[in-house]
Each structure stands twice: as structure tokens, then as C-alpha cells.
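Participant: sequence? don't have it. structure:
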């Protein structure tokens, strides 16, 4: 996916420079016209997108920053200016233990997702990349959870995991009574339960990405390695995995951003009580509870700004440090 | 719709101005006099929450028709909107928008109406239009007052109490409903003896658990302390700590179902279902509980409503020994109507009409909620609801749910801190601190 992006970008650049380097008999008039037309095209084609982006993304973000400087309950215009108190005041978000627990939970979900889903997805993708009967069916089945709507997944897992629900019944029927737990009611356990549901939901996405990456690994390399006497494991480890690197790095990026912003599955699987104890809340659920439901619009806006800064900062750092090589020429400056 | 209304308003204004110009005025103001109802055609837009097809919705349509028949100058346009959407999205958006909001809309008492009046100045002051005869004819006007003025009028109000299962009580050998906390604790032990959950609570939703604390608080606090808390968000009185201590004391008897943190109130595996299916013997809740318990009584499919109606009983929250406040103080909740600030005077007349004994009797008969007009409770036939209505009409002091009273900004963190006491890691002081912190947001 990234490689094709890069090729496109370079193609465009090459095409433009080739055009200007060619013979130009009617240089002055035709060149000016061409440049004009190019600018009309650029403006005409990007203006709708820029306008919509500005109106529905940038302007609301500006409003969020503005509202976050007020104590505002949503009635009348915001008038009680309190500066940065919603962020760092004595009762500001960054000092609220419940927000801190939300941030910690997000970090646990980020690393939990990477460490559990990553190796699992790679293993399954390598397995599904081999030729066998019913491969297409397996590939489809693995992807099903990701296609399901988050709401469906949340409600379904809540019904399965609730006290004396399907999961507990199955455990009992298997004679594993000692494993039965209050999966969603025990504050010490519930985050791991949520992580399990998230893994089930998003594993398919990682696998599909990796399968797409694997299909770009040239068969000749594996064959060459095989001729040189490498076994299947050696081929995977020394040939396939290194070539899969860009795909893995992009998946990790998407997984990280998704984990930082996760809301729906957590909201549906856990109760308000569990979230407000700090056992399984995330920054996004905290924002909805303390901002929207508690009608503290100023405070909620501050939380949303913090969430944005953290996600954006993490994305930038990741791009600069990890994706640098993969994105060269596309998102970073050309060198 | 809005344009018709504006056109008619303009027409009305024109008609009134003509009257003023032809000599009826004389106050020196060229504003049309708005204080005489029914002198010109008006259209009232009415938003209510009886959105589901049924007797409740049909009844409001009938009431509007009756009023229009009595007052031919008035046209009422109804829009029925689902409760949460109405309160959380439509009304706030309409009030913020700047375009004329609906004339009559549902208003919640306590913190909500305080914010609508103090911060937004959205509501019409009804005080000059309500005489003593009207004020004496309905209960629970207080929660719709702001700074001593009446900005809303309730149409539904009921007290909270403990619903119990008569059959399970009989099995456990409990002959009389508990009058004191000591008796309640004895009942809990007896119910444990027959292997049922003594009390179910939807603590997963936070507020059903918090209601236990509320009841301890209103029995611990003086009316002055509760008023200071409601009006000025002053939670310094020691009685709020005392409430937490009483709650801890009660929780020590382990009266609730295990896994209550994961139990919600009105879902298929919720606390109301535990009661409706005969698995728990008691639940503390407002007057809607009978309906909720019937809805989720899945184990008795086909005759579920009959099962609940056969076994359900009600008693007020027992006297709390050692609580320094009023031993009969009760909690309650309801819904009210308000008029938009610039709505015509006919709006006020219509709100008053909605609280008359006649209209309220019909409302009570629909089973949608308990009436506010004194005497209308006679129209209730269901025994438990009748019992609650009688208690409601006789109550000396009734307080609105404390989370509603303080507004969601304080109410939600307060509820969360109370649940922490339920879970075991919170302290009575934490609740007060959480309320103070939220008051600063």
C-alpha cells in the first residue's frame, strides 16, 4: 500500500520535470497557459475537499480549543473564562485520577494490542499464505469479526461474558468451574477481558493487511532461498519477514492510533460503574462521560484536545522514527 | 411549520398594534400587549416525550384538541420526541439555535432548570400567572423554582420507595414490612436463609446504587443543609459524610446480589429482571419500577405482568436510626412543562390546564405516570401505584433526586464516588470531595 503511494508520488514528480525539460518551441505562451491550467486544476479539484475539511474538521477543532478555556455547561454562550484550568487547574483533567487511569488503560491497550495481535497475526498470515484446501474460506472467516459493526460486537460479547452467561456456562460444561470469573464485574480483571474482545475484533484486520503484504513478496526470493538449501522456517525468518517489515510497521501504526481512540467496544462491553471506577475507562469514554453526559462542555472539550494532542504526537513521532524509511518522499520531505 | 407560526405571530402583532393604535393602549409603549390571552390567533408548538404509540401519546393529543375546542384562537402543534433525544439533543439545540424554540417543552427540575434560567435565560417566569388556588392544587412545585420564582410546572411526580415480593417475604417468614433499618437488616438475614437475593441493585448504571446514599443523606441532613447544597453547591455540612457512613454500615450486611458492579437496571440481565423473575426480594426505585420489572420478567413469559402484579408490594424507605434529620423525608422525581421566554401568554394558560384535576385524572388513568394534582390519584386503579400516589400526596417533605438537583456536572461524579463505596475502595469523604471538585468544573 505504501510502496504504491510512493511510486505514484515519484511518477508525478518525474512526469512534471520531464515535461518542463523537453523541447519548447512556443515556450512563453504555451508554458504560461499550461501553468495556469495546472493551477486551475489544483484549485478546482482540491477546493471542495479543502472547504469540507476546513468546515467540518479544522473549524470544530478550533471551537474545541476555544470552549476548553471556559467553564461552560452548554446553556447560553460560554462566558466564564478560566484559562487553562480545565487542563492543569486543581480540578483539571490532567490532575484527575480518573483521567490518569484512563490514559494508563489506553497505554495498556496500545501495548497489549501490539504484543498480542502482532505475533498472532503474523503466525496466522504465514499459515494462511501456504496453499491448502479451503484457504479462501479460512481467510474469509478470519476477517469476519472485523467486518462486524462495533456495536454488534460489543453487545454480543457483553451477553457472552456476563455473569452466568454463555462463556461461564461453557466453562462449567467443560468441567472448568474453577476458571469461572466475574469477567466484566471484577475491576482487576475487566481490562484484560476488554483486551481479549479487542483482539478478537481486530486480529482479522492485521491478518488481511499482512496477507496483502505477503502477496507482494516475490516468489523467486523464496525459491532462490530454497535452492540454496533454506528450510521453511529459515525462509520465513530471513526472507519473508524482513520484506513484510513495511506492512507490519503500518499495521502497528494503525493499531496504535485505534487503541488510543478506542471507544465503542469498551463503552458497550463494560458498565458505567466499572468505567467510573477507572477499571476499564479510556480517554474517549472519559470524554463522553465527563463532558457530554455530565454536561461540562468546556471540560469535555479540554479532554478532547488532550486526546488529540496525544494521538497526534504519537502519530508524528511514529512517522518520524519508525515509518521514516517507508514513507520517504511521500509524507516526509524528499532527500 | 416555523414560517406559518411566524406569519401568524406577525398577524397577531399587527392585530394587537391596530388595537393599541385605535385607542385601547395608552401605556406609551408601542409593544403589543401580551397579557390578555385569547384576543388573537396564536399557534403553540408543543414538544413532549410520549413518543411511543399508546395511551400516553393519544391522551396528549386529546388534551390538545380539548383545549383548542375551548379556545378557538389557539392552535397547538404537537411533536412527540423520544425522551433522551428530546432532553439531550433537541431542546438544547433549539434553545441554542437562536431561531424560535418550541413554546411548550418538557423541563426537568433541579439543576437542569437552574442552568436553563441562570445561564441561558430561556424560560418564561410563570410566577405572576399562578395564584394561590393553583399552587395549593398541585404537589412538588419546588423543584421547578429558581431563585424563588416558578419557571416550570410538574405534570408527573412520584415518591421513591422499596418494592418487595410478597410471596418471597411470606416464604422467609417476614410478616410485616420493615419500618426501621434494624427491621430491614433482619429481613435481609431471613431472605438469605431461603436462598434468594435480598435486594437487587443496578449498580452498573451508577445511579440506582447512588439512590441508597441519597436516602441516607436526606435522613441525615437538615432542610437548611440540603437547600445550601441545592442552591449554592455547598457540601460542607457533616451530614453528607454521615450519609456515607450509614451506607457503609448498611453494605456490611451484604444485602445485594454478587457482581452488582456488572448489573445494569433495565436490561435483560439487569436488576429489574432479577426482581421480575422472583430471584430478588426487594429493590429501591421510583414509581416506574412496576412497569420495568414486568417488562423484563422473562422467566414468566406470557403471564409475566400477572406474576409481578401478583407479588409486588411497596413500602417507604425505612426510618434510619441514628440519622439526625427528618425521619419521614422522602425522595421523588417527575417531569414538568416550561414555556419559552418569548412564548405567548396562552402557553401559560395551557400549562395550567395540563395540571388541572380533570386533565390529571385522565393522565393518571393512562398509567403513564403518577399525577400531580391533588385528588387525581383516585383515578389510579393499580394497587401498588395507588399506594405510592397516596404516600406522594401525603408527604410532608419530598426532595428531587439529588443528582438531578445538583445537575449532571456534579451528579455524575457524585454517583461514581458512591459506587466506589459499594465496591469497597471509596470512603464517605471521597463522595464529598468528588462533589466539590465537580462543582469547580
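Facilitator: Arrived safely. Computed from a predicted structure; not experimentally measured. Residues are numbered from 1 along each chain as shown, chains lettered A, B, ... in the order given.

Participant: surely residue B:282 meets residue B:165?
Facilitator: Yes - Residue B:282 is in contact with residue B:165 according to C-beta atoms under 8 Å; the separation is 7.4 Å. To be clear about C-beta, it is placed using only N, CA and C from the backbone, and glycine gets the same treatment.

Participant: quick check, distance from stretch A:157-175 to the centre of its chain.
Facilitator: Computed by C-alpha atoms, centre = their mean, to the nearest Å, the separation of stretch A:157-175 from the middle of its chain amounts to 30 Å.

Participant: Likewise for stretch A:232-245?
Facilitator: 25 Å.

Participant: before we move on, what about stretch A:102-109?
Facilitator: The chain centre lies 14 Å from the centre of stretch A:102-109; the measure is C-alpha atoms, centre = their mean.

Participant: that older thread, can you list residues touching both of residue B:282 and residue B:165?
Facilitator: residue B:275 (C-beta atoms under 8 Å, 6 or more residues apart in numbering or on different chains).

Participant: counting contacts, what elements does the one helix or strand residue A:121 maps to pack onto?
Facilitator: Here residue A:121 sits within helix A:97-128, counting by DSSP states H and E. Helix A:97-128 sits against helix A:135-147, helix A:190-215, helix A:241-260, helix A:283-287, with contacts defined as 3 or more C-beta pairs under 8 Å, 6 or more residues apart in numbering or on different chains; DSSP states H and E.

Participant: what do you get if the cut-off is 6 Å, keeping everything else the same?
Facilitator: helix A:190-215, helix A:241-260, helix A:283-287 (3 or more C-beta pairs under 6 Å, 6 or more residues apart in numbering or on different chains; DSSP states H and E).

Participant: Could you pull out the buried residues of that helix?
Facilitator: Within helix A:97-128, the residues scored as buried using 16 or more other C-beta atoms under 10 Å in any protein chain shown are A:98-99, A:101-103, A:105-106, A:108-110, A:112-114, A:117-118, A:121-122, A:124-126, A:128.

Participant: Chain B contacts on the stretch 51-200 of chain A?
Facilitator: A:73, A:75, A:76, A:91, A:162, A:163, A:182, A:184, A:185 (C-beta under 6 Å from any C-beta of the partner chain).

Participant: go with 10 Å
Facilitator: A:71-80, A:82, A:85-86, A:89-93, A:95-96, A:98, A:158-159, A:161-165, A:182-187, A:190 (C-beta under 10 Å from any C-beta of the partner chain).

Participant: Emit the PyMOL select command for whichever of those residues are buried.
Facilitator: The buried residues among those can be selected in PyMOL (16+ other C-beta under 10 Å) with this line:
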select buried, chain A and resi 71+72+73+74+75+76+78+82+85+86+89+92+93+96+98+158+161+162+163+165+182+183+184+185+186+187+190
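
Participant: In helices, which of the residues of the stretch 51-200 of chain A next to chain B appear?
Facilitator: Per DSSP state H, helices hold the following members of those: A:85, A:86, A:98, A:158, A:159, A:161, A:190.

Participant: Report the contact partners of the fifth one.
Facilitator: When you say that, I think you mean residue A:159. Listed by C-beta atoms under 10 Å, 6 or more residues apart in numbering or on different chains, the contact set of residue A:159 reads A:165, A:166, A:167, B:267, B:268, B:269.

Participant: Which two among these are spaced furthest apart?
Facilitator: Across the contacts of residue A:159, no pair lies farther apart than A:167 and B:267, at 17.5 Å, counting by C-beta to C-beta.

Participant: Contact partners for the residue nearest to residue A:125 when sequence neighbours are not counted?
Facilitator: Spatial nearest neighbour of residue A:125, excluding adjacent residues (C-beta to C-beta, 6 or more residues apart in numbering or on different chains): residue A:210 at 3.8 Å. Neighbour list for residue A:210: A:118, A:121-126, A:128-129, A:244, A:247-248, A:251 [criterion: C-beta under 10 Å, 6+ apart].

Participant: can you pull the buried residues of stretch B:149-156?
Facilitator: For stretch B:149-156, burial by neighbour count (16+ other C-beta under 10 Å) applies to B:150, B:151, B:152, B:153, B:154, B:155, B:156.
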